[in-house]
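[1] Sequence plus the predicted model coming up.
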Amino acid sequence: MGHDLTAPAELSFRRYSVEAISHAHDFDQIVLPRHGVLEIEIDGKGGRVDPGSAAVIPPGTRHVCAADGENLFVVADIGAALMAPFERLREKPFACVSSPVRGLLSFLSGEAPGGIDDGVAGLWTPLLLRSLSTGPAAVDPRLARAAAMIETRYHEPLTVRDLAAEAGMSQSRFFDRFAAAYGATPHAALTDARLRAAQHLLDDPTLSVAQIAVRTGHGDQSTLTRRMKAALGVTPAAWRKGRR
């Protein structure tokens, strides 16, 4: 945000590489999940940004982060005046991604890659801060492991049995607890992860829709088209055309 600490906020989509980066900045920053898992250490405390967790980085706090594979995150750089009523968020480096926060992230799905319009950022970020400050306790780490499995292995034919085993729970218990924690069934979360991955890859004009369907676990082009039409109201071809 150009070191202008009076600015409300700047939002952007960012991707990270497997090569770790280490730095600090003089404004608050919140990193939120969109696709993939970001391993991050904040002031010596390790954790991750995944479907259930966001990172809260106070000014001057050194942090180290890296991500393996395809990934996309929403980064909010927040000015001091906007952050002032929500300074308690700085007390913990990680915050729960609640249903309201997931709704806000879904709202951004139609934004173009890179920076997000200042008008959107000015309206969206206060809602984010309020949602994070009133959010529930952190998600059970066993459920978080399963959610991370969805984010990193969405292209595989995962089943509820696979995810429940990752969480160390029976299938019925896992299904109920996952739905309560994330506001979606495991199947719906997997479908969402696959669609988000497809949306990301559709920005690459060198890939055909059929290739994208295979890479994102949809099996074939017709399945991807059907699911994208049902969820977003557009075909993959129409989505790609609209983004150009």
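    Perfect, thanks for sending it.

[2] For Arg196, see how far away Gly217 is.
    Separation of Gly217 from Arg196 (CB to CB, to the nearest Å) stands at 12 Å. All C-beta spots, glycine's among them, are computed from the backbone N, C-alpha and C.

[3] same thing with Glu39?
    Applying CB to CB, the value for Glu39 to Arg196 is 19 Å.

[4] Likewise for Gln221?
    Taken as CB to CB, the span from Gln221 to Arg196 is 18 Å.

[5] More neighbours: which of the two?
    Arg196 (22 against 18; other CB atoms under 10 Å).

[6] give the contact list for the more buried one.
    Residues near Arg196 by CB atoms under 8 Å, 6 or more residues apart in numbering: 34-35, 72, 109.

[7] if you set the cut-off to 7 Å instead, what comes out?
    The contact partners of Arg196, by CB atoms under 7 Å, 6 or more residues apart in numbering, come to 34-35.

[8] buried ones in the helix or strand that contains it?
    Assigned by DSSP states H and E, Arg196 belongs to helix 186-201. Residues 186, 189-201 are the ones in helix 186-201 that count as buried (16 or more other CB atoms under 10 Å).

[9] swap in stretch 170-177?
    Neighbour-count burial for stretch 170-177 flags 171, 174-175, 177 (criterion: 16+ other CB under 10 Å).

[10] Equivalent analysis for stretch 215-227, please.
    Buried positions in stretch 215-227, judged by neighbour count with 16+ other CB under 10 Å: 215-218, 221, 224-225, 227.

[11] backbone phi and psi for Glu39, please?
    Dihedral angles of Glu39 (phi, psi; degrees, to the nearest 10) stand at phi -80, psi 130.
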